[in-house]
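> Compute the structure for the input listed below.
(one chain, ligands or ions: 1)
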Amino acid sequence: MALERLGEALRGIPPLQSSLLLLLCLLAAIHLGKLVLQHQQRRRQGQRQAPPGPFPWPLIGNAAQLGSAPHLSFARLASTYGAVFQLRLGRWPVVVLNGERAIRQALVRQGAAFAGRPPFPSFQLVSGGLSLAFGGYSELWKLHRRAAHATVRAFSTGSPATRRLLERHLVGEARALVALLVRGSAGGAFLDPSRVLVVAVANVMSALCFGRRYSHGDGEFLRIVGRNEQFGRAVGAGSLVDALPWLQRFPSPIRAAYRAFRDLNRDFYGFVRGKFLQHQRSLRPGAAPRDMMDAFIRLQREQPRLQLEHVPATVTDIFGASQDTLSTALQWLLIFLIRYPKVQAKMQEEVDRIVGRDRLPCVEDQPHLPYIMAFLYESMRFSSFVPVTIPHATTTNTFIMGYLIPKDTVIFVNQWSVNHDPAKWSNPEDFDPTRFLDENGFINKDLTSSVMIFSLGKRRCIGEELSKVQLFLFTSILVHQCNFTANPNEDPKMDFTYGLTIKPKPFTLNVTLRDTMDLLDQAVQRLQAEKAASENSYVLALDSPFFSNIRLLKSSACRSAQGLAHLARLRYYSKTRRSSAIRGSKNKTKVGLGV
Ligand code: HEM
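Predicted coordinates:
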């Protein structure tokens, strides 16, 4: 009877639509049948329950419920279903973790169980398919991550000498940035700072990774670093490119986004691979590393378990992750400076009082500038510009807050929910740096460590220290040197676009010098002279933290089945490094600083 009625109803509809309708009904029936079966099976087996969550629709699951700001939708759903709830995105089962308790329980207490990455189609395209950041969790992955983390540290915050090197690159870029912002603001004009910010931070990282910088007008460099938004949209939690990959078969915005993503990854990886090949050719045996690329190549030559093709892939990850996140951070910092002029004035008052007007702020000033540090933490908390981490996946069947989470479940970690939890932060929707200061004006470290933006556990960001130093230096130099003013014709509402990083909608501002460019000019000249004088000691200083890389590798080798053989090789490596460090000190480090 029911089929006859359906037949009659379909008679009035054109054949293509009626077949599609029938197909949809069939899929819905199969889907519902599966859900009922799963539910009955679970009850029969007396298993613990899966987390609650909204009803998933056939084919698309809950994709339509995420909207344009999935982190906010997750927080809303958490208020209905609890801190741990489940969704379905296309064919992927997803569990969303909200709030510090659930996130810590998963990423810290059960680190290995939650350290996987889902095999999303977009993830396979990053860094030639060998990405550290988007790749699965394995013994080899752990070795690569340890090497990458130690190398980033060795080339940035590992020792006073390398911190100084980082500072040297950064001051050069800050000078170029200020010059361009002021030039673009001449005659009271307002300019969009996003492009110059990307080039400034990408240049600091390019100097550390490849030993060179690019001019702000370099077309190739701009093409490589100017597509962060497309990247973030495709890999951010809830991306439809991954949730509904079948949409790529039809002309649709998803197909266009997928193709743009594929092309930008090919170009980005190709750029870094070109640098890798140049470095491989020019790095002489026994010479000290000139930059991170050299360091990875040397490490790989001495430690073959680190695979050669992973070298350009890891440097692609480091260069890509850093310039995207740090340029986004700087955009938010400038927005907060112009939207909260009283905060800007307070920062200028602090930096003038502590540093004075006769020199630029430097890394050593950081502990004495609590208000500036409070501003940085409040900016990270308030914007939560990496709102959800890169999607994780479970590596085994596990439990969280009493719920069963099967192996290979996709996990979304909602960092935004931690930073805006009213139980933790009073008036979380107010921008107020003083919340991080105690009654004596000192930074409250318990509170700063509660801001979650670099994630936690086995997948925690490896660039956290480097980022904090860079953001402190850029911010303190910028407020020391410039005044920033909002465009009164623009809506003060801080709108954003969602992706792996959330970016402010385009905005303009006016930038004027507080004094002259003299301090920046003199600092760049002095640092260049210092660089020429200290070239030899830099190479040696770089070597000492570099040895700690080897110690890290040693500890992992000890645990491996071939531990003894590795140890023997590593001891030999340490010896040859020490003698090559002395030989290498004669080589000039070719790192450009000119603006
Ligand atoms: C303010 C700046 C930054 C923020 C907020 C940030 C945040 C994050 C977050 C949330 C993740 C994902 C963690 C997870 O999936 O649980 C991540 C991963 C990563 N970040 Fe950062 N990051 C920043 C800067 C950097 C820098 C400067 C570098 C390079 C030196 C870097 C390299 C990486 C890498 C390689 C990963 C992958 C780690 C893994 O999968 O194990 N990041 N970052």
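> Please make it C-alpha for all contacts and neighbour counts, starting now.
OK.
> Tell me the secondary structure at the residue of the stretch 1-150 of the chain found nearest the ligand.
Of all residues in the stretch 1-150 of the chain, Ala133 sits closest to the ligand, at 3.5 Å by CA to the nearest ligand atom. The local conformation at Ala133, judged by DSSP: H, G, I helix; E, B strand; the rest coil, is coil.
> Below-threshold pLDDT in the chain: ranges please.
Residues of the chain that meet the criterion pLDDT under 70 lie in 1-48, 532-595.
> Going by residue numbers, what spans are helices in the stretch 151-300 of the chain?
160-184, 194-210, 219-225, 228-235, 240-243, 253-282, 292-302 (DSSP state H, counting those that start in this stretch).
> Flag every residue of the stretch 1-150 of the chain that's near the ligand.
Residues of the stretch 1-150 of the chain lying near the ligand by CA under 6 Å from any ligand atom: 132-133.
> Look up how far Arg76 lies from the residue nearest to Phe55 when sequence neighbours are not counted.
For Phe55, ignoring the flanking residues on the chain, the nearest one in space by CA to CA, 6 or more residues apart in numbering is Asn62 at 7.4 Å. Look at Asn62 and Arg76: by CA to CA, to the nearest Å, they are 14 Å apart.
> The two: which is more packed in?
Remark: of Asn62 and Arg76, Asn62 carries more neighbours, 21 against 13, as counted by other CA atoms under 10 Å.
> Check whether the more buried one really touches Arg88, as I assumed.
Yes - the pair Asn62 / Arg88 is scored as a contact, 5.6 Å apart, by CA atoms under 8 Å.
> Now list whatever residues contact both of those two.
Pro56 (CA atoms under 8 Å, 6 or more residues apart in numbering).
> Can you classify Phe399 as helix, strand or coil?
strand.
> Please work out how many residues are found near it.
By the criterion of other CA under 10 Å, Phe399 has 18 neighbours.
> Once you drop chain neighbours, what's closest to it?
Distance criterion CA to CA, 6+ apart; nearest residue to Phe399, sequence neighbours excluded, is Ile405 at 5.5 Å.
> what is the one you found paired to in the beta sheet?
On the basis of DSSP bridges, Ile405 takes part in beta bridges with Thr398.
> From Pro118, how far out is it?
Note on Ile405: its distance to Pro118, by CA to CA, is 14 Å.
> Show me which of the two is the more surrounded one.
Taking neighbours as other CA under 10 Å, Ile405 and Pro118 compare with Ile405 leading, 23 against 20.
> contacting residues around the more buried one?
Contacts of Ile405 by CA under 8 Å, 6+ apart are 50, 95, 394, 397-399.
> and the residue of the stretch 1-150 of the chain closest to the ligand, how far is that from Trp92?
20 Å.
> between the two, who's got more neighbours?
A direct count of neighbours by other CA under 10 Å for Ala133 and Trp92 places Ala133 higher, at 22 against 18.
> Show the backbone phi and psi for the more buried one.
phi -70, psi -30 (degrees, to the nearest 10).
> So Gly211 sits against Asp291, correct?
Yes - with contact defined as CA under 8 Å, Gly211 reaches Asp291; the gap is 5.7 Å.
> Residue numbers of the stretch 401-550 of the chain in contact with the ligand?
Counting by CA under 6 Å from any ligand atom, the stretch 401-550 of the chain sits next to the ligand at 453-455, 459-464, 466-467.
> would TSV of the residues you listed with secondary structure and neighbour count be doable?
Below are these laid out as TSV (DSSP: H, G, I helix; E, B strand; the rest coil; neighbours: other CA atoms under 10 Å):
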residue	secondary structure	neighbour count
Ile453	coil	24
Phe454	coil	18
Ser455	coil	21
Arg459	helix	23
Arg460	coil	15
Cys461	coil	17
Ile462	coil	21
Gly463	coil	17
Glu464	helix	15
Leu466	helix	18
Ser467	helix	19
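> closest to Gly187 among those residues?
Ser467 (33.8 Å; CA to CA).
> residue ranges of the strands in the stretch 451-595 of the chain, please?
For the stretch 451-595 of the chain, the strands defined by DSSP state E, counting those that start in this stretch occupy 482-486, 496-497, 503-504, 509-513.
> check which helix or strand covers the residue in the stretch 201-350 of the chain positioned nearest to the ligand.
Closest contact between the stretch 201-350 of the chain and the ligand, by CA to the nearest ligand atom, is at Ser322 (3.7 Å). Secondary structure from DSSP states H and E places Ser322 in helix 310-339.
> and that helix, which residues are buried?
Using 16 or more other CA atoms under 10 Å as the test for burial, helix 310-339 gives 310-339.
> Could you list the residues in contact with stretch 509-520?
With contact meaning CA under 8 Å, 6+ apart, stretch 509-520 is reached by 171, 175, 179, 181-182, 185, 188-193, 338, 358-360, 480-487.
> And the residues you listed, which of them are buried?
Here, 16+ other CA under 10 Å leaves 171, 175, 179, 181-182, 185, 190-193, 338, 360, 480-487 buried among those.
> I'd like the strands of the stretch 451-595 of the chain written out as TSV, with distance to Phe296 added.
Output for the strands of the stretch 451-595 of the chain, formatted as TSV (distance: least, CA to CA, whole Å):
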stretch	distance to Phe296
strand 482-486	38
strand 496-497	35
strand 503-504	32
strand 509-513	40
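> do you know which of those strands lies nearest Asp421?
Among these, the nearest to Asp421 by CA to CA is strand 496-497 (20.2 Å).
> What is the burial count for the closest residue to His310 other than its chain neighbours?
Excluding the flanking residues, the one nearest His310 by CA to CA, 6+ apart is Leu130, at 6.3 Å. Neighbourhood size, Leu130 [other CA under 10 Å]: 22.
> tell me the contacts of the residue of the stretch 1-150 of the chain closest to the ligand?
Asp317.
> Distance of Lys458 relative to Phe484?
Taking CA to CA, one finds Lys458 at 39 Å from Phe484.
> Kindly report the same for Ser426.
Counting by CA to CA, the gap from Ser426 to Phe484 is 28 Å.
> next one: Arg435
23 Å.
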